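**Student:** okay, here's the prediction I keep looking at, along with the sequence it came from:
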Amino acid sequence: MSKNLVIVESPAKAKTIEKYLGKDFTVKSSFGHIRDLAKGDGAIDIEKGYLPNYIISPDKKKIVTELKKLAKGADMVWLASDEDREGEAISWHLSEVLKLKASNTKRIVFHEITKTAILNAIENPRDIDENLVNAQQARRVLDRLVGFQLSPVLWRKVKPSLSAGRVQSVAVRLIVEREKEVQAFTTSSSFKVQGLFEASKKGIKGDLSKRPATVEEANAFLESCKGANFSVGKINVTPAKRSSAAPFTTSTLQQEASRKLGYNVSKTMLLAQRLYENGHITYMRTDSVNLSEFARDNAKGSIVKEYGQEYSKPRNYTTKSGSAQEAHEAIRPTSFDVSAAGADDGQKRLYQLIWKRAIASQMSDAQLERTTIDIVNDKNSDVFKAKGEVIKFDGFLKVYLEGTDDEDEEDESGLLPRVSEGEQLGVLEISATQRYTRPPARYTEASLVKRLEELGIGRPSTYAPTISTVQKRGYVVKDEIEGKKRDFDLLVLKNDEVSKVTNSENYGADKNKMHPSDIGKVVTEFLIQHFGEIMDYGFTAFVEKEFDEIADGMKNLSEMIDTFYNPFHKDV
DNA sequence: CAGTGAGCGAGCTTCCGCTTGACTT
């Protein structure tokens, strides 16, 4: 029997850490939480200050028995769950269930699985932070009270087996309200005027600054250009730079895998799990954009070797998310020297995305030159603008460019021919195309995750399950929405003649987007009406602040829950 | 008398967050 028992949350982590610590240490995993609130209404004794009644989760009985045995035989037990609210609670539950004594129990934490970090943690143990544990218990109790009191109201008033909760109900609300905006949207149209000019046999495309609102105005403008002489007005050249994005967190990985690979969030997480288990990437449920020193050095080496010194720009990113707990590193390859990994095509593509994003995050800015050429004429005072962008130094763009959710037509800015101010230009044609405004985009799974994260709602481990719950309950569906046809006018001025045609286009088609079912709308409407506080987008942020106060020892659990629960229970 | 169907009552659903297998299909 080994002298030291170290307990972490994840078995893959345990394996790595065991290698760093040597023979005297046995490293085991608790597989996450080992205890949870009991099933029914008796789980929380409200009279006794919301005293929670915990039971060992059925699927954890075996591991708990094993850990008990190992703990008994060990001289020292090191509780090494994550350094966040949930992790602290896991350590506390372990110490309760395994009946650990303070004299031979130590709590250690680290934010990265590197040898230095682990050894450093062993050197600097601490005690379990009971305030932080209480904050977790408050979180757990509040979620249970909300979920298990609201859901039965829905069974009685709407339909059996429905559910409501702090996270899922707000997620559905986002989708319901977005759909309302889509339905209420009134489209208008205007004309996009584009001129195709010519300078010494090379074409220049310029867009008119103003957009005529009606076909008459568009026509009038084209008429006013008849016989016009076009020439180059002001030329504006500005240097610009573009910086790489931070390495992936769970939420940004889900978004980018959705945009670039077309994976839904559960597929992304499943593939990432496999890559993690096989040691190819770091932990995939994280809200941190931080890279370990080891990783930054490793990336630098790879970049210098592969692309050259001038492509390397080591740096640290800081999180923008207020709710981040940063118990782990960002998602990155375990070794930057390995540019391909994975057991199947899906894993390989996801690995490559992770590798590129992480390595680009340590690469130089791209240096650009943006050019705007004004094109003026002698018949009216309107100005066409031709825009071009030239990459002077590609930097991180050599490996990676972040995708966007924006569906609007991208400006095709590229190389512009060399011209000088005052130079006469030929005109090939000027067109005016009727363009309609578009309603806000419906959420994809990934863009919903993005919105939830911005609101501080949910955690990396729950984004994918939440998305599947709201669909399983039938609140939200992901059907294909068929497009409709509509006409648009196209006016062209060519050889001093204006011609007009009416073409038709499809619009409004949507697939893989989330929209609410009738049940989703009814339930959301009902909950907003009677439980406005919980349905408020700021509710989670508000209670998080209170949890923080508990964690800081400024407030106690029963006080905090009391102020919420009493009015809430009355409403129920 | 066997088979069918209406009507009734009992028991169940449900939260969020931390982890993977162990199950089906």
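**Tutor:** Yep, that arrived. Numbering: from 1, shown residues only, chains lettered A, B, ... in the order given.

**Student:** how close does the residue of the stretch 451-572 of chain A found nearest DNA strand B get to residue A:285?
**Tutor:** When distances are taken as CB to the nearest atom of the strand, the stretch 451-572 of chain A reaches nearest to DNA strand B at residue A:459, 2.9 Å away. All C-beta spots, glycine's among them, are computed from the backbone N, C-alpha and C. Taking CB to CB, to the nearest Å as the measure, residue A:459 falls 8 Å from residue A:285.

**Student:** next one: residue A:490
**Tutor:** For residue A:490, the distance to residue A:285 - CB to CB - is 51 Å.

**Student:** and residue A:386, by the same measure?
**Tutor:** Residue A:386 is 47 Å from residue A:285, by CB to CB.

**Student:** okay, these two: which has more neighbours?
**Tutor:** residue A:386 (24 against 21; other CB atoms under 10 Å).

**Student:** what residue of chain A is the furthest out?
**Tutor:** residue A:227 (53.0 Å; CA atoms, centre = their mean).

**Student:** contacts only, for the residue of the stretch 451-572 of chain A closest to DNA strand B.
**Tutor:** Residue A:459 is in contact with A:285, A:287, counting by CB atoms under 8 Å, 6 or more residues apart in numbering.

**Student:** who in the stretch 151-300 of chain A is up against DNA strand B?
**Tutor:** Listed as neighbours of DNA strand B in the stretch 151-300 of chain A under the rule CB under 7 Å from any atom of the strand: A:151-152, A:155, A:160-161, A:163-169, A:273, A:276-277, A:283, A:285.

**Student:** rerun at 10 Å
**Tutor:** A:151-156, A:159-172, A:250, A:269-270, A:273, A:276-277, A:283-287 (CB under 10 Å from any atom of the strand).

**Student:** can you tell me which residue sits nearest the middle of chain A?
**Tutor:** Short answer for chain A (CA atoms, centre = their mean): residue A:251, at 2.9 Å.

**Student:** sec struct for that one, please.
**Tutor:** When classified by DSSP: H, G, I helix; E, B strand; the rest coil, residue A:251 comes out as helix.

**Student:** what's it in contact with, if anything?
**Tutor:** Here residue A:251 is in contact with A:287, A:449-450, A:453, A:460, A:463 (CB under 8 Å, 6+ apart).

**Student:** now the residue of the stretch 201-350 of chain A found nearest DNA strand B: closest residue in space that isn't a chain neighbour?
**Tutor:** At 4.5 Å from DNA strand B, residue A:285 is the closest residue in the stretch 201-350 of chain A, using CB to the nearest atom of the strand. Leaving aside its sequence neighbours, residue A:285 sits nearest to residue A:460 (CB to CB, 6 or more residues apart in numbering; 4.1 Å).

**Student:** hang on, the earlier thing: list residues touching both of residue A:459 and residue A:285?
**Tutor:** By CB under 8 Å, 6+ apart, no residue touches both residue A:459 and residue A:285.

**Student:** now for residue A:514: which residues touch it?
**Tutor:** Residue A:514 neighbours (CB under 8 Å, 6+ apart): A:175, A:442-445, A:448, A:476-478.

**Student:** which among the residues you listed gets closest to residue A:184?
**Tutor:** residue A:442 (13.6 Å; CB to CB).
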